[in-house]
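Peer 1: Predicted model, plus sequence, below.
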Amino acid sequence: MIPARAALQALRDGNRRFVSELGLEAGESRARRRELPVGQEPFAIILGCSDARVPAEIVFDQGLGDLFVIRVAGNIVAPSQVGSVEFAAEAFGTRLVVVLGHSNCGAIHATLQQLTRPSREQSRNLSSIVDRIRPAVEGLLERGPPPDVHTLERQAVRANIRMSADHLRHGSQVLEQLIHADGLLVVGAEYSLETGVVEFFDGVPAPNP
């Protein structure tokens, strides 16, 4: 079992390799593939957005079997996502959970549009995603309008990440127990589509002295 802090550092190191275009060699992936049929030991659980531009394994420069990835539009947290995180944390002993959002998120944009120009044309299924993001955005609007829509979208991305991470921390007895007794860490992070950099900003522990 890799401790949460060590897993977080491995993700940071991998993202630096990705940004620097220094990735894993193909031969390493082939060798790793032959080891995996007997089991898996992912060192991090990633709850990320389905956006095709944010594949977690590539963003963090990790190989087969390294990450347990759950992807859903808007990196929202619903019962199936909570259950998936619980499963991986219990079955594999994984001690780091990362809620990974990203800049220019389409689900955030759709939510803002629905709040400012309500439409009945959305399907019930799409509305279920928007409705889970809505509380994070409404909380921002209640504090007063930002100077422009681009600032609002940037703030909404982070507010939604924080809300999803907080839901995982406090919306599951299984995860709460693992947090308090077994060192499980849930952090929020944002991937920049423009730079490729992942910034960990929510729930990140202070550096060791």
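Peer 2: Yes, it's here.
Peer 1: Would you map the helices across the chain?
Peer 2: In the chain, helices defined by DSSP state H lie at 4-19, 26-35, 56-59, 79-92, 106-116, 124-142, 149-170, 173-182, listed in chain order.
Peer 1: buried residues in the shortest one?
Peer 2: Counting neighbours by 16 or more other C-beta atoms under 10 Å, one finds that the buried residues in helix 56-59 are 56-57, 59. C-betas here are computed from N, CA, C, even on glycine.
Peer 1: got the helices of the chain as TSV, with mean pLDDT and distance to Gly188 columns?
Peer 2: Putting the helices of the chain into TSV (pLDDT from 0 to 100; distance: least, C-beta to C-beta, whole Å) gives the following:
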stretch	mean pLDDT	distance to Gly188
helix 4-19	89	12
helix 26-35	58	28
helix 56-59	95	14
helix 79-92	97	14
helix 106-116	87	14
helix 124-142	87	12
helix 149-170	95	4
helix 173-182	97	14
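Peer 1: measure stretch 108-125 end to end?
Peer 2: Using C-alpha to C-alpha, to the nearest Å, one end of stretch 108-125 lies 15 Å from the other.
Peer 1: actually stretch 43-63, not the one I wrote
Peer 2: 11 Å.
Peer 1: Now do the residue nearest to Val197 when sequence neighbours are not counted: how many residues are near it, please.
Peer 2: Among residues not flanking Val197 along the chain, Val19 sits closest, at 5.8 Å (C-beta to C-beta, 6 or more residues apart in numbering). Neighbourhood size, Val19 [other C-beta atoms under 10 Å]: 15.
Peer 1: quick one, what contacts Val19?
Peer 2: 195-197 (C-beta atoms under 8 Å, 6 or more residues apart in numbering).
Peer 1: unless I'm mixing things up, Met1 is touching Ala89, no?
Peer 2: No. In this structure, Met1 is not within contact of Ala89 by C-beta atoms under 8 Å, at 10.8 Å.
Peer 1: Could you name every residue contacting both of those two?
Peer 2: The contact lists of Met1 and Ala89 share Arg95, where a contact means C-beta under 8 Å, 6+ apart.
Peer 1: higher neighbour count, those two?
Peer 2: Ala89 (24 against 13).
Peer 1: State the distance from the more buried one to Gln114.
Peer 2: 33 Å (C-beta to C-beta, to the nearest Å).
Peer 1: next one: Ala44
Peer 2: Here Ala44 is placed at a distance of 32 Å from Gln114 (C-beta to C-beta).
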